[in-house]
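Undergrad: would you be able to build a 3D model of this:
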Amino acid sequence: MAKPEVTRQESNAARIDASEAVAEFQPHRTGLAYRLQHALHMNPALVPMIVLLLSILLFGALLGSKFFSPFALTLILQQVQIVGIVAAAQSLIILTAGIDLSVGAIMVISSVVMGQFTFRYGIPAPVSILAGLMCGMFCGWVSGMLVSKVKLPPFIVTLGMWQIVLAANFLYSANETIRAQDIETHAPLLQLFGEKFNIGGAVFTVGVVFMVALVLVLTYALRHTAWGRHVYAVGDDKEAAALSGVKTDRVIISVYMLSGLICAFAGWALIGRIGSVSPTAGQLTNIESITAVVIGGISLFGGRGSILGSLFGALIVGVFTLGLRLLGADAQWTYLLIGVLIIGAVAVDQWIRKVSV
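TA: The predicted structure is shown next:
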């Protein structure tokens with residue numbers, strides 16, 4: 001009868017040994033590398049922010065006042081405002097573990113609707129702008145329904161939407177460009193985002209202000225609202241989120257609709273940036289937005305990252321582009337360095353993700 005007692009003692013001893021083993025393992029996870037890894041895991045925008053600051057200091061040291069001037073630094077903001085706005089939309093999709101290849105096409109067709117409604121049908125500019133915004137939101141709703149309800153892969157859905165919207169754009173516009181002079185004369189509201197104002201030698205546009213405000217609002221919404229927490233939960237593990245009571249389909253549809261609306265605002269900003277309504281504008285916006293998001297530290301696997309990081313990513317590309325141009329370097333060096341940054345950003349993301357393993 002003593003045998004069960006011995007067994008229980010041996011079992012208790014085994015538990016103690018196991019707990020001591022775990023206790024001995026923990027100190028090895030508190031080294032400098034682990035603490036850095038944990039800090040980056042908790043603050044995903046930290047890496048792109050550091051890279052942005054270092055790149056500014058580098059080109060500032062090489063170019064001096066030619067680069068370190070209010071005009072040059074705000075010129076970077078003007079150049080990246082379209083990509084920055086679209087990158088915010090792309091970030092929302094990628095946070096849900098998806099990807100949207102149609103963001104550029106949605107942006108352009110929204111701008112075309114605004115222009116055509118105003119000049120072809122004679123509709124007042126405010127109503128035309130509203131129609132363009134609704135067009136972008138509708139495109140996002142279609143993609144969201146196909147991803148959430150029909151359960152199609154986001155890559156395939158948005159690849160198809162890109163082709164459909166691109167074709168609809170050229171068919172509807174008849175490949176005609178509405179000139180900047182006509183817009184300026186008859187519908188200046190369409191060029192609102194291109195209006196400039198000067199603060200101490202720094203030249204800003206309404207589009208730049210909108211981009212920064214959009215990023216700040218989305219950052220707050222993702223961090224401090226239930227909807228934002230649900231977006232991260234869906235991206236991290238959709239099945240687990242559903243089991244915990246999150247309406248995953250509703251979250252995905254809302255994200256795609258909001259993304260489409262933001263792309264439509266980018267279309268409005270595009271008119272202000274180039275002055276005209278062109279169906280051929282923004283051809284590389286899809287790739288540029290994904291580049292900004294990846295360099296900005298948002299995980300392509302979903303569930304981790306910051307909208308602020310995507311803005312830093314867009315600014316990093318802008319700094320390298322302007323800096324190398326001022327240095328007189330070949331444009332191909334820009335693509336080379338951006339390619340290195342993309343691969344490096346993904347490698348860092350993989351390393352950071354190991355903190356939870």
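Undergrad: okay, now the unreliable bits of the stretch 151-300 of the chain?
TA: For the stretch 151-300 of the chain, no stretch has pLDDT under 70.
Undergrad: which parts of it are strands?
TA: Using DSSP state E, counting those that start in this stretch, the strands assigned to the stretch 151-300 of the chain run over residues 196-199, 202-205.
Undergrad: show me the one of those strands that comes nearest Leu92.
TA: strand 202-205 (23.6 Å; CB to CB). All C-beta spots, glycine's among them, are computed from the backbone N, C-alpha and C.
Undergrad: which other helices and strands contact the closest one?
TA: helix 70-95, strand 196-199 (3 or more CB pairs under 8 Å, 6 or more residues apart in numbering; DSSP states H and E).
Undergrad: given the last one, what are its sheet partners and their directions?
TA: Okay, so that is strand 196-199. Using DSSP bridges, strand 196-199 pairs in its sheet with strand 202-205 (antiparallel).
Undergrad: now the partner strand, how far from the centre of its chain.
TA: 23 Å (CA atoms, centre = their mean, to the nearest Å).
Undergrad: OK, contacts around Ala168?
TA: Residues in contact with Ala168 (CB atoms under 8 Å, 6 or more residues apart in numbering) are Ile109.
Undergrad: contact partners for Thr280?
TA: When contacts are counted by CB under 8 Å, 6+ apart, Thr280 is found next to Asn175, Thr177.
Undergrad: ramachandran coordinates for it?
TA: Dihedral pair for Thr280: phi -100, psi 0, per degrees, to the nearest 10.
Undergrad: how close does it get to Phe312?
TA: 29 Å (CB to CB, to the nearest Å).
Undergrad: what of Phe67?
TA: Counting by CB to CB, the gap from Phe67 to Phe312 is 18 Å.
Undergrad: neighbour-wise, which of these two wins?
TA: Phe312 (24 against 20; other CB atoms under 10 Å).
Undergrad: tell me the contacts of the more buried one?
TA: Contacts of Phe312 by CB under 8 Å, 6+ apart are Ala45, Pro48, Met49, Val51, Leu52, Ile295, Gly296, Gly297.
Undergrad: where does it fall, secondary structure wise?
TA: helix 307-326 (DSSP states H and E).
Undergrad: so which bits of stretch 119-137 are buried?
TA: Across stretch 119-137, burial judged by 16 or more other CB atoms under 10 Å covers Phe119, Ile123, Ala125, Ser128, Ile129, Ala131, Gly132, Leu133, Cys135, Gly136, Met137.
Undergrad: roughly how far does Ser299 sit from Gln350?
TA: 9 Å.
Undergrad: out of these two, which sits in the busier spot?
TA: Legend: neighbour count by other CB under 10 Å for Ser299 and Gln350, higher for Ser299 (22 against 11).
Undergrad: measure the residue nearest to Phe265 when sequence neighbours are not counted to Leu216 for me?
TA: Computed as CB to CB, 6 or more residues apart in numbering, the closest residue to Phe265 that is not its neighbour in sequence is Ile85, at 6.3 Å. Between Ile85 and Leu216 the distance is 13 Å, computed by CB to CB.
Undergrad: check contacts around Ser278.
TA: Neighbour list for Ser278: Thr177, Ile178 [criterion: CB under 8 Å, 6+ apart].
Undergrad: mind redoing it with 6 Å?
TA: Contacts for Ser278 (CB atoms under 6 Å, 6 or more residues apart in numbering) come out as Thr177.
Undergrad: what do you get for Phe170?
TA: Applying CB under 6 Å, 6+ apart, the residues contacting Phe170 are Pro279.
Undergrad: quickly note the distance from it to Glu176.
TA: Between Phe170 and Glu176 the computed distance is 10 Å (CB to CB).
Undergrad: repeat that for Lys149.
TA: Distance, Lys149 to Glu176, by CB to CB: 36 Å.
Undergrad: how close does Phe170 sit to Ser278?
TA: 11 Å.
Undergrad: I meant Val208, not that one.
TA: Counting by CB to CB, the gap from Val208 to Ser278 is 21 Å.
Undergrad: and for Gln116?
TA: 12 Å.
Undergrad: cool, and His186?
TA: Distance, His186 to Ser278, using CB to CB: 17 Å.
Undergrad: same thing with Pro153?
TA: Per CB to CB, Pro153 is found 31 Å from Ser278.
Undergrad: let me know the secondary structure of Ile99.
TA: Following DSSP: H, G, I helix; E, B strand; the rest coil, the label given to Ile99 is coil.
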